[in-house]
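Visitor: Quick one, structure for this:
(chains A, B, C and D)
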There are 2 protein chains.
Amino acid sequence: MRTPVKGRSTRAVQAEQTRQQILDTAQRLFAEQGYDATSIQMIADELGLTKAAVYYHFHAKIDMLHATMTPGVLRIAGLLDEAASMRGRRARIEHVVAGVVDFLVEHRHYAVMASSDPAAKRNKLDKEDGTADLRQRGLALCFGEHPTAAERVSYIAAFSIAESLPELVDLSDGELREALQTTMLRILRASS
Amino acid sequence: MRTPVKGRSTRAVQAEQTRQQILDTAQRLFAEQGYDATSIQMIADELGLTKAAVYYHFHAKIDMLHATMTPGVLRIAGLLDEAASMRGRRARIEHVVAGVVDFLVEHRHYAVMASSDPAAKRNKLDKEDGTADLRQRGLALCFGEHPTAAERVSYIAAFSIAESLPELVDLSDGELREALQTTMLRILRASS
DNA sequence: GTCTATATATAGATAGAC
DNA sequence: GTCTATCTATATATAGAC
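Guide: Reported below is the predicted structural model:
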């Protein structure tokens, strides 16, 4: 029954690698120029592939946006799950901030796209992948089900920093981490 | 020497009205779907015009983006000029915050685009129109020429709120104003 | 799994009639 | 000032050879 494992797995590995390269390139270009301004052709060109080759791995352009966002969405969702099981808003806030800061420092370049690209706001990515839901959940974890206007604005301020990370390229990972941690905590704590 | 004033001015007025309608529609669609995803055709359709008619008023699509952003850029630039002539960081911060809050409340729907659309980040809109320069100037006014990392992050947090205004549609102008004012001041003051 | 070639649609932009 | 008609470029996506 078993087909030649080595051959199959080699091909499969090759395919997986190519797919991942496409995804990395797509993510970088999406972040740099925006989803709409990035064509399949550009992605293919950067990798020395053809459009058709790219389409073998992704049936539609929008699938690439989904695929680039999914890992981040899942990670933040997991983070919120952890926070949800903790007692006390203060502790939950600290856990969420620490996790988000880790994520932002680790994905300085890519984190922008997910939260600010118009394409991510259309296409029901919000509802399907839960980007908007995540924000709602996080807000509820920090300030309860009925946050005040000021609490909502504080929450937005703290987590909208992600959209401006490119302005902070000159900071080292360590500097960025500390500045983010300090500032986000201060903003969120002061409102609770 | 004078040409028939009434005829000419009537036409001119008509043209100016149409131009303004185009601009309003463009600004709305840019804000809703993003610049790249908005076609001249869509703008024309909404107004019952044709693409050619639109092109009579704007030689290129990018000109519409410029035109939609210019008033806001000028207004904020003027605000910063005022702030620059004031003594004391505290006073400058308060003046800038008050002015920006006014602007945001007045342009709840449109303010998003200017600060977050990928198209505004490309096309050198930043350098030419000074969107990026405005941020730099504002930062210097609040925290001097050599702000710390934490001050820069605070500044970003305070003014990145603009990009998430759509999440606060349910707030009245008054509620929004107060929440913005309070939160932004708190974020910026605590860092000085 | 990647290619060439192509189908199809629509974008931005222009020419010229009215 | 607005129209019809059209140009040119490029987009997403597919079919089929290798």
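Visitor: State which helix of chain A is the longest.
Guide: What stands out as the longest helix in chain A, according to DSSP state H, is helix A:5-33.
Visitor: what about the helix or strand following that one and DNA strand D, any contact?
Guide: On the C-terminal side of helix A:5-33, the nearest following helix or strand under DSSP states H and E is helix A:40-47. Yes - judged by C-beta under 7 Å from any atom of the strand, helix A:40-47 comes into contact with DNA strand D at A:40-42. (C-beta placed from N, C-alpha, C; glycine too.)
Visitor: Equivalent analysis for stretch A:19-39, please.
Guide: Yes - using C-beta under 7 Å from any atom of the strand, stretch A:19-39 reaches DNA strand D at A:38-39.
Visitor: Show me the residue at the heart of chain A, geometrically.
Guide: By C-alpha atoms, centre = their mean, the mean C-alpha position of chain A lies nearest to residue A:72, the distance being 3.8 Å.
Visitor: Mind telling me what element that residue is part of?
Guide: Residue A:72 belongs to helix A:61-84 when assigned by DSSP H and E.
Visitor: does DNA strand D sit close to that helix?
Guide: Yes - Helix A:61-84 is in contact with DNA strand D by C-beta under 7 Å from any atom of the strand, via A:61-62.
Visitor: Check chain A for the residue nearest DNA strand C and tell me.
Guide: When scored by C-beta to the nearest atom of the strand, chain A has residue A:15 as its residue closest to DNA strand C, at 2.5 Å.
Visitor: Need the pLDDT of that residue.
Guide: For residue A:15, the pLDDT comes out at 89.
Visitor: measure it to DNA strand D for me?
Guide: 14 Å (C-beta to the nearest atom of the strand, to the nearest Å).
Visitor: Touching stretch A:57-76 from outside, list them.
Guide: Defining contact as C-beta atoms under 8 Å, 6 or more residues apart in numbering or on different chains, one finds that stretch A:57-76 is touched by A:15, A:18-19, A:22-23, A:26-27, A:30, A:35, A:40, A:43, A:99-100, A:103, A:107, A:110-111, A:113-114, A:119-120, A:123, A:125, A:129-131, A:134, A:138.
Visitor: Buried by neighbour count: which residues of it qualify?
Guide: Neighbour counts over stretch A:57-76 (16 or more other C-beta atoms under 10 Å in any protein chain shown) mark A:57-58, A:61, A:64-69, A:72-73, A:75-76 as buried.
Visitor: what's the closest of these to residue B:92?
Guide: Set against residue B:92, the nearest of these by C-beta to C-beta is residue A:76 (36.4 Å).
Visitor: And that closest one, what's its pLDDT?
Guide: What the model reports for residue A:76 is a pLDDT of 96.
Visitor: what's the answer for residue A:130, then?
Guide: 71.
Visitor: Could you give the number of residues near it?
Guide: Residues lying near residue A:130 (other C-beta atoms under 10 Å in any protein chain shown) number 18.
Visitor: Flag every residue of chain A that's near DNA strand C.
Guide: Contact residues, chain A versus DNA strand C (C-beta under 7 Å from any atom of the strand): A:11-12, A:14-15, A:18, A:44, A:48-53, A:56-57.
Visitor: Just the buried subset of those residues, written out for ChimeraX, thanks.
Guide: In ChimeraX, a selection of the buried entries from the residues of chain A next to DNA strand C looks like this (16+ other C-beta under 10 Å):
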select /A:18,44,49,57
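Visitor: Can you say which two of the residues of chain A next to DNA strand C are spatially most distant?
Guide: Checking the residues of chain A next to DNA strand C with C-beta to C-beta, the most distant pair is A:12 and A:51, at 22.6 Å.
Visitor: now the residues of chain A next to DNA strand C in a markdown table, with distance to residue B:80?
Guide: Formatted as a markdown table, those follow (distance: C-beta to C-beta, whole Å):
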| residue | distance to residue B:80 |
| --- | --- |
| A:11 | 59 |
| A:12 | 57 |
| A:14 | 55 |
| A:15 | 54 |
| A:18 | 49 |
| A:44 | 44 |
| A:48 | 47 |
| A:49 | 47 |
| A:50 | 49 |
| A:51 | 46 |
| A:52 | 51 |
| A:53 | 50 |
| A:56 | 52 |
| A:57 | 48 |
